[in-house]
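[1] Here is my input, please return the structure:
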Amino acid sequence: MMPEVIVRKGEPVDRALKRLKNKLDSEGILEEVRRLRAFETPSQKHRRKAKANAKRARMKFRFHPS
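    Predicted structure coming up:
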């Protein structure tokens, strides 16, 4: 499903665009589009996945240290 932002009555369009950008960024859509734009070598793919796993592990430890 495509993320959507409803522009509230009286809300400036640039603020709604900022909310849309934040939503796209939090869901990782922009990174995926950039990644799919060019060919990714197997080593680059492995490096990207390892980096994501390390970040996920850090966040898990940070919020659930037990």
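[2] Which residue is the nearest non-sequential neighbour of Leu30?
    Take Leu30 and drop its neighbours on the chain: the residue closest to it by CB to CB, 6 or more residues apart in numbering is Leu24, 5.4 Å away. For glycine as for every other residue, the C-beta is placed from the backbone atoms N, C-alpha and C.
[3] so the one you found, which of the three states?
    Here Leu24 is recorded as helix under DSSP: H, G, I helix; E, B strand; the rest coil.
[4] And for it, the neighbour number?
    17 (other CB atoms under 10 Å).
[5] ok, now Glu11?
    Count around Glu11 with other CB under 10 Å applied: 12.
[6] try Lys23
    The burial count for Lys23: 13, using other CB under 10 Å.
[7] hang on, isn't it packed against Met2?
    No: contact between Lys23 and Met2 fails when scored by CB atoms under 8 Å: they sit 10.3 Å apart.
[8] Pull up the gap between the closest residue to Val5 other than its chain neighbours and Lys55, please.
    Sequence neighbours aside, Leu20 is the residue nearest to Val5 in space, at 4.3 Å (criterion: CB to CB, 6+ apart). Distance, Leu20 to Lys55, using CB to CB, to the nearest Å: 24 Å.
[9] Between the two, tell me which one has more neighbours.
    Leu20 (14 against 10).
[10] What helix or strand is the residue of the chain most remote from its centre located in?
    Most distant residue from the mean C-alpha position of the chain: Gly10, 28.3 Å away (CA atoms, centre = their mean). Assessed by DSSP states H and E, Gly10 sits outside every helix and strand.
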